[in-house]
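Asks: Build me a structure from this.
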Amino acid sequence: MNMISINGVEIPPADISTEAQYHPAASPDDASAEAAQALAIRELFLQEAKSLGVSAEPETDEEGRVETQEDALIRVLLADELNVPLADEASCKRYFENNRKRFRTADIYEPCHILLSASPEDKDAHALAGAKAKDIIGMLQENPALFDKLARKHSDCPSAEVGGNLGQVSRGQTVPEFETFLFELEDGQLCPVPVMSRYGAHVLRLDRKIEGLALPFEAVYEKIAAYLEEASWRTAVAQYVRVLAGQADVKGVDLGAVGTPLVQ
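Replies: Residues are numbered from 1 along each chain as shown. From the prediction side, this is the model:
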């Protein structure tokens, strides 16, 4: 990586390596690039705060952690220099009307399953579990009333004691591979193929889906306002970075097309 400097102040490679751990990315190089950008932005802000004579007292958060003097300077600088409007009710209502699908309670599913446990690492066992699940599905297609009996006899899940009933679940409460099939089933439908997961093979039936309810605007107004104000603040910060970068001597990093800066 090229040496990075802001108005002649170099950012040591060791600092970038340390910062990279706070920037999860697809590769180490991507993490380093994000870390370098974050530190360059931080240096840009600190230099601007010094130039403007900004003073700040470190604050303590709810958990008793005291911010550093540099963090305090950046906080006050951005508060002084950025003019971020509050989200008014009209803006929030417009966002609500355009994104109604986001503002619903979660759909609830009531599935039953028969788990034939097998580790995916044991390919033979996993394949046998899948074949056995397929046989059970065939029996259930002939006689759906056998589900309770077959679950109690064959399932390796504790739910076997209640005929495979998993109770009520919502998105994110089961493994993704299970949900991929579950969310496509209709009430009372038996999944026609085994559901293969990290736990083995599942014979899956959806007994009932309870649709989520639309939330009223009043229930989500504050959440929408906070979201819109946060988005506006991030946009303002990105624009401010580009303005400062255009006035500075920046070497080794491109801040001209910065998106949402992460200032640690």
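
Asks: and V169, what are its bridge partners?
Replies: As for beta bridges, V169 partners with Y109 under DSSP bridges.

Asks: Can you give me the distance of it to P111?
Replies: Applying Cβ to Cβ, to the nearest Å, the value for V169 to P111 is 7 Å. The C-beta positions use only the backbone N, C-alpha and C, and glycine is treated the same way.

Asks: and what of G188?
Replies: 11 Å.

Asks: Which neighbours do the two have in common?
Replies: In terms of Cβ atoms under 8 Å, 6 or more residues apart in numbering, G188 and P111 are both contacted by the residues 205-207.

Asks: Which of the three states applies to the residue nearest in space to the middle of the chain?
Replies: Using Cα atoms, centre = their mean, the residue of the chain that lies closest to the mean C-alpha position is G172, 11.5 Å off. At G172, secondary structure determined by DSSP: H, G, I helix; E, B strand; the rest coil is coil.

Asks: On the three-state scheme, the closest residue to it other than its chain neighbours is what?
Replies: Excluding the flanking residues, the one nearest G172 by Cβ to Cβ, 6 or more residues apart in numbering is E179, at 8.0 Å. At E179 the chain is in helix, as set by three-state DSSP.

Asks: what about E179, distance to P111?
Replies: Distance from E179 to P111, by Cβ to Cβ: 10 Å.

Asks: Which one of these two is surrounded by more residues?
Replies: P111 (25 against 19; other Cβ atoms under 10 Å).

Asks: Next one: the closest residue to A245 other than its chain neighbours relative to A49, how far apart?
Replies: In this structure, A245 finds its nearest non-sequential neighbour in L255, 3.8 Å apart by Cβ to Cβ, 6+ apart. Separation of L255 from A49 (Cβ to Cβ): 17 Å.

Asks: These two: which has the busier surroundings?
Replies: Between L255 and A49, counting by other Cβ under 10 Å, A49 is the more crowded of the two (22 against 19).
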